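In: with the input below, show me the fold.
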Amino acid sequence: MPDKGKLIQGVFFALVGFALLYPFLQREPEALIPAPEQLHQPVPDFDLYTDVDEKKQAFFDYLRPAVEYHNQIILNDRNLLQAIRQKMIDGQPLSRYQKNKLTKLSQSYKLDALPHDVDGINRLLRRVDIVPVELVLVQAANESAWGTSRFARQGFNFFGMWCFRKGCGFVPKQRDDDAGHEVAKFKDLSHAVKAYLANINSHYAYSELRGIRASLRRNQQSVTAEYLVEGLMSYSERGQDYIDELLHMIRTNRKYLTS
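Out: Below you'll find the model as predicted:
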């Protein structure tokens, strides 16, 4: 039989180890992912590049780490939701952390009601999912004129996003007299990318994109930029011409996007 003193000692150290580890298990997903340096770096002066290839590569290299970082946070949240769904299927109670996280995600993704069953979790999972890096990057290039627009240079707004509170951003020079929107200003690249992804994943205008993505998931297909771009018809007044332009940018800039 094992020595009783050693057994008690082993149990003690196991409990101490769990106590030390427990705070890390309860942390938000972003606290568990190393944050890249680019999240808080200023916008480079992309006008200084005279070589087109170098400019495109520098632009994508600047934005890519932030997109990958926030997509990974979303994937972590998605994995948590899938674990919650399985618990519901198995009839097991949720932990306090899972309940709190479920409430927070439902609010963040603007779900109209807190999920109480598997169908509710499925509705939330439709929103808590990634946007392909390639799609984010080409949209940023398109909307910011490759990072040279004043909204990108002065406010990290690479996506042409609007806000509707006076003083929340830049007043567009060509805004109609009766319009009240401004072009949003962000404190850094991280907040800009996070806001863009939240907008795509929660605004009613992009429900078609989320439907395409959910269908790909159900059929165990890859969630790619070429598929999801079709769900961005409402992003621009140009409609199909905008979609066609993004598709062309994805195809012609493939070598920079995959670097």
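
In: can you tell me the closest non-neighbouring residue to residue 243?
Out: residue 229 (5.8 Å; Cβ to Cβ, 6 or more residues apart in numbering). Using the backbone N, CA and C atoms, a C-beta is placed for each residue, glycine as well.

In: ok, the one you found - contacts?
Out: 135, 243, 246, 247, 250 (Cβ atoms under 8 Å, 6 or more residues apart in numbering).

In: what's the longest helix in the protein?
Out: Determined from DSSP state H, the single longest helix within the chain is helix 52-90.

In: distance from the chain centre to that helix, please.
Out: 6 Å (Cα atoms, centre = their mean, to the nearest Å).

In: tell me the mean pLDDT over it?
Out: The pLDDT scores in helix 52-90 average 97.

In: what is the subsequent helix or strand relative to that helix?
Out: Downstream of helix 52-90, the next assigned helix or strand under DSSP states H and E is helix 96-108.

In: so which strand or helix has residue 192?
Out: Going by DSSP H and E, residue 192 is part of helix 189-202.

In: list the contacts of that helix.
Out: Contacts of helix 189-202 (Cβ under 8 Å, 6+ apart): 35, 38-41, 43, 62-63, 66-67, 69-71, 74, 108-110, 127-129, 131, 136, 156-159, 161, 184, 186, 206, 209-210.

In: report the buried members of those residues.
Out: 38-39, 43, 62-63, 66-67, 69-71, 74, 109, 127-129, 131, 136, 156-159, 161, 184, 186, 206, 209-210 (16 or more other Cβ atoms under 10 Å).

In: re earlier: next one: the residue nearest to residue 243 from residue 256, what distance?
Out: Using Cβ to Cβ, to the nearest Å, we find residue 229 at a distance of 17 Å from residue 256.

In: same thing with residue 61?
Out: Distance from residue 61 to residue 256, by Cβ to Cβ: 9 Å.

In: swap in residue 246?
Out: Counting by Cβ to Cβ, the gap from residue 246 to residue 256 is 15 Å.

In: these two: which has the busier surroundings?
Out: With neighbours defined as other Cβ atoms under 10 Å, residue 246 and residue 256 compare such that residue 246 has more, 23 against 20.

In: I'd like the average pLDDT over the helix or strand where that one lies.
Out: Assigned by DSSP H and E, residue 246 falls within helix 240-252. Taken as a whole, helix 240-252 carries a mean pLDDT of 97.

In: list the buried ones in the helix or strand following it?
Out: Where DSSP H and E defines the elements, the next helix or strand beyond helix 240-252 is helix 254-257. Going by neighbour count (16+ other Cβ under 10 Å), the buried part of helix 254-257 is 256, 257.

In: over to stretch 232-249?
Out: Those would be 232, 233, 235, 236, 242, 243, 246, 249, for stretch 232-249 by 16+ other Cβ under 10 Å.

In: ok, which pair from those residues is furthest apart?
Out: 233 and 249 (16.3 Å; Cβ to Cβ).

In: any idea which residue sits dead centre in the protein?
Out: residue 197 (3.9 Å; Cα atoms, centre = their mean).

In: got the contact list for stretch 55-75?
Out: With contacts defined as Cβ under 8 Å, 6+ apart, stretch 55-75 is touched by 29-30, 33, 35-39, 41, 43-44, 46, 49, 128-131, 133, 136-137, 140-141, 146-147, 158, 189-190, 192-194, 197, 201, 253, 256-257, 259.

In: same question, stretch 108-118
Out: By Cβ under 8 Å, 6+ apart, stretch 108-118 touches 85, 88-89, 102-103, 106, 120-121, 123-124, 127-128, 198, 201-202.

In: could you redo the last one with a cut-off of 6 Å?
Out: 85, 88, 106, 121, 124, 127, 202 (Cβ atoms under 6 Å, 6 or more residues apart in numbering).

In: what distance separates the start and the end of stretch 140-152?
Out: 9 Å (Cα to Cα, to the nearest Å).
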